[in-house]
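Peer 1: I'll drop the sequence and a predicted model, then ask my questions.
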Amino acid sequence: MSKVIAIDGPAGAGKSTVARRLAEAMGYTYLDTGSLYRAVTWYLLNANVHLTNGGFSSVPDGMIRDALNPLDIRLRCGRVWVGQEDVTDRIRDMEVSRRVSMVSERRPVREKLLSLQRAAADRNIVVDGRDIGTVVFPNAFLKVYLDADMSIRSDRRLRELSDAGVATDYGEVLENLKMRDERDSKREIAPLSRAPDAIYLDTTSLSVDEVIAVIRKLADDRARSGYAIWKKIFYRTVWTILKALTKVYLFRQISGKSFVNAIQGPAILASNHLSHLDPPLVAVSMNRPIHFLAKRELTGIPIFGHVIAWLSAVGVRRGIMDREAMAHVRSILASGGIILIFPEGTRSRDGQLHDAKAGFGKIVLECGVPVVPVRIIGSDRSFPPGAWFPRPSPVRVIFGEPLYLSGSSSQSDPSESALRDRYERIGCEVMDRIAALSAEK
């Protein structure tokens, strides 16, 4: 059975670029629905149909259908053809941009293109638009809703127009995007909206490659749904056993659990790290399943590596910016999951808190989800370095109040040093909150 990956979102969120390159990377066919609606708009402009704000809305449906009857649109090798004419570049000018929303909201236009879009689903396709997951392909294999800050979207669209040789300015592009958002979200027929089962992904701070990596990971996980069911059963069974053992054998105590249980969506748990007991201690203290970062050396150990992978460990290479692991983290959070991260990067050998790694701040800034500080006390006494098995000793897990750190930037292109400073400030703030969680809490 063919698969459809539906990518929706407002103009400038990066849909077309991401969809095109994702399709190429996955060996799928790319269906550019935005170009189809732009081609219709260009065609109507050249057919002398009245396309002013007030005029087009009063044009009868029958007249629009008559005007569209001879229209022949084709997508060939990444180019858009109307009849025998290549209009790829012309459909991107501001004249078309100002009118495409009003054209796309008319029923005859959508009827004209709906059958054309659905006919393309006889193969694996990646398709982007504004109503793909809600109207065109409501049963799509994977639905993703891309979004970004308005300033970032305007910058992207301005660069796109400049690359196409279209003369315009930032202010005009910004106002056009605001107008299109307004019209697209309030139109009566197929308004811009996020499908209930679509995964929301904010691309403000992400590169195209990073967005593609996240969506590919989501698609891979969706394709292995049967595997995921058995993995879930294994996870629940093991953690249920460990939950009882840690309570009896380690006298596990939990404080502040209401803070983390109040979070329904994605979140990052940021904890100090004392021993190998820390991931299971936090996991069995939660009501929801969690993932956790583990050094790649552990996930690569035969048998043991497979076991912790089934317990939702995410292998990460230390000392470098592991893009594969970052994509995995983003896909977990985009799916509404929770991930445990140790900001210090490794276990503390002296029992003291240490500075967070810059990579932790990068994840927090880019993902823009709540961060719950976690303090673990006593796990190093129960399972010190070099020990083969934990010894009976009290341990305590303390959850703090969530931090809501902004995932967006007021600068469209901040310098590398400025970004690193922000990463470090985020890490310091989180570590300070962890330090404030004491045994007296």
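Peer 2: Great, that's in hand.

Peer 1: Would you mind listing where this protein has pLDDT under the threshold?
Peer 2: 1, 50-55, 227, 406-414, 439-441 (pLDDT under 70).

Peer 1: Determine the longest helix present in it.
Peer 2: helix 225-249 (DSSP state H).

Peer 1: helix or strand right after it?
Peer 2: strand 253-255 (DSSP states H and E).

Peer 1: Give me the contacts around that next one.
Peer 2: For strand 253-255, the external contacting residues (Cβ atoms under 8 Å, 6 or more residues apart in numbering) are 285, 394, 395, 396, 397, 398, 399, 441. Yep, even glycine has a C-beta here, placed from its N, CA and C like the rest.

Peer 1: Enumerate the positions of that strand that are buried.
Peer 2: Within strand 253-255, the residues that qualify as buried are 254, 255, counting by 16 or more other Cβ atoms under 10 Å.

Peer 1: how far is that strand from where the chain is centred?
Peer 2: 32 Å (Cα atoms, centre = their mean, to the nearest Å).

Peer 1: For the stretch 101-250 of the chain, which segments count as helices?
Peer 2: Applying DSSP state H, counting those that start in this stretch to the stretch 101-250 of the chain gives helices spanning 107-119, 150-163, 170-186, 208-223, 225-249.

Peer 1: The fourth one: which residues count as buried?
Peer 2: Read that as helix 208-223. Quick answer for helix 208-223 (16+ other Cβ under 10 Å): 210, 211, 212, 213, 214, 215, 216, 217, 218, 219, 221.

Peer 1: Tell me which two in these are the farthest apart.
Peer 2: Greatest spacing in these, by Cβ to Cβ: 210 and 221 (16.9 Å).

Peer 1: Can you give me the distance of residue 351 to residue 270?
Peer 2: Residue 351 sits 18 Å away from residue 270, going by Cβ to Cβ, to the nearest Å.

Peer 1: The two: who's more crowded?
Peer 2: Taking other Cβ atoms under 10 Å, residue 351 and residue 270 do not tie; residue 270 has more neighbours (27 against 13).

Peer 1: what about that one, is that helix, strand or coil?
Peer 2: Judged by DSSP: H, G, I helix; E, B strand; the rest coil, the three-state class of residue 270 is strand.

Peer 1: do the one 5 residues further on as well
Peer 2: Each residue gets one of three states, and residue 275 gets coil by three-state DSSP.

Peer 1: For it, give me its contacts.
Peer 2: Residue 275 sits in contact with 347, 379, 380, 382, 383, 384, 385, where contact means Cβ under 8 Å, 6+ apart.

Peer 1: Please identify which helix or strand holds the third one.
Peer 2: Going back to what we said before, that points to residue 380. Short version, using DSSP H and E: residue 380 is in helix 379-382.

Peer 1: what's in contact with that helix?
Peer 2: 250, 274-275, 277-278, 281, 347-348, 351, 390-393, 395.

Peer 1: now stretch 7-19
Peer 2: With Cβ under 8 Å, 6+ apart as the test, stretch 7-19 has contacts from 5, 22, 30, 32, 34-35, 126-134, 143-148, 152-154, 156-157, 177, 180-181, 184, 192, 194-195, 198, 203, 208, 211-212, 215.

Peer 1: Can you tell me which of the residues you listed are buried?
Peer 2: 5, 22, 30, 32, 34-35, 126-134, 143-148, 152-154, 156-157, 177, 180-181, 184, 192, 194-195, 198, 203, 211-212, 215.
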